[in-house]
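Q: Next one to model:
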Amino acid sequence: IQGQRSLESLHRQLKAKDTKISKQTERLQVLTDMLEQRDRQLEELSTAKRDRERMQQKVAELEDVMKSQTRVVSHAEAERRLIEQERRLRESERQAREASDALRQEHAEKE
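A: Numbers count the residues shown, from 1 in each chain. Next comes the predicted model:
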């Protein structure tokens, strides 16, 4: 009878160990699944960041292109600009003539 009890006790201990091992295996599987999901999410995040960076570069390039393009102006605006440039040119020529005349007069006075 003593041997029978010892054997039953060992069977119970063995069953308890099996249950414990099974529960630990389940927990490990859940943790493994969670880690795999985390890895997938990290990869998705990395891809999203790369895509965002590329988009930012494209936006910056497009902004640069738009800044470098000359502004489309109307015919009247272009004509106004031309008239203003001609006016500034005439003013510069007048100032140059006056400076030249003043210099000539200075030389004449010195002689």
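Q: okay, CA-based contacts and neighbour counts for the rest of this
A: Will do.
Q: What number of residues are in the vicinity of residue 9?
A: By other CA atoms under 10 Å, the residues close to residue 9 number 12.
Q: how near is it to residue 3?
A: Applying CA to CA, to the nearest Å, the value for residue 9 to residue 3 is 10 Å.
Q: Also residue 19?
A: Noted for residue 19: a distance of 24 Å to residue 3, by CA to CA.
Q: Over to residue 48?
A: Going from residue 48 to residue 3 by CA to CA gives 67 Å.
Q: between these two, which one's more packed in?
A: Under the criterion of other CA under 10 Å, the comparison of residue 48 against residue 3 puts residue 48 first, with 12 against 8.
Q: I'd like the distance between that one and residue 61.
A: Residue 48 is 20 Å from residue 61, by CA to CA.
Q: confidence score at residue 71?
A: Looking at residue 71, its pLDDT stands at 63.
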